[in-house]
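Engineer: Output the structure for:
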Amino acid sequence: MNNYNKKIEQRQEYLQTLIKTCQQARELTQPIDLNLSLNNLNDIQDSMA
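Structural biologist: Numbers count the residues shown, from 1 in each chain. Modelled structure (predicted):
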């Protein structure tokens, strides 16, 4: 039973982290910042290929 409770706690922590991440992403109202981030991701993917 203890393990089960631990799993639930971990899942709740994970979901809370996910929610925070989504809220932060929503607060990025400037598309320029988002475009720069996407460009950086593309560069990283290209260099890995």
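
Engineer: Low-confidence bits of this structure, can you list those?
Structural biologist: Scanning the chain for pLDDT under 70 picks out 1, 29-37, 49.

Engineer: Just the element for the residue nearest in space to the middle of the chain, please.
Structural biologist: Here the mean C-alpha position of the chain is nearest to the C-alpha of Thr21 (Cα atoms, centre = their mean), at a distance of 5.0 Å. Taking DSSP states H and E as the criterion, the element that holds Thr21 is helix 2-27.

Engineer: That helix: how far from the chain's middle?
Structural biologist: Helix 2-27 has its C-alpha centroid displaced from the chain centroid by 11 Å (Cα atoms, centre = their mean, to the nearest Å).

Engineer: So which bits of that helix are buried?
Structural biologist: Using 16 or more other Cβ atoms under 10 Å as the test for burial, helix 2-27 gives no buried residues. Placement of C-beta: from N, CA and C, glycine included.
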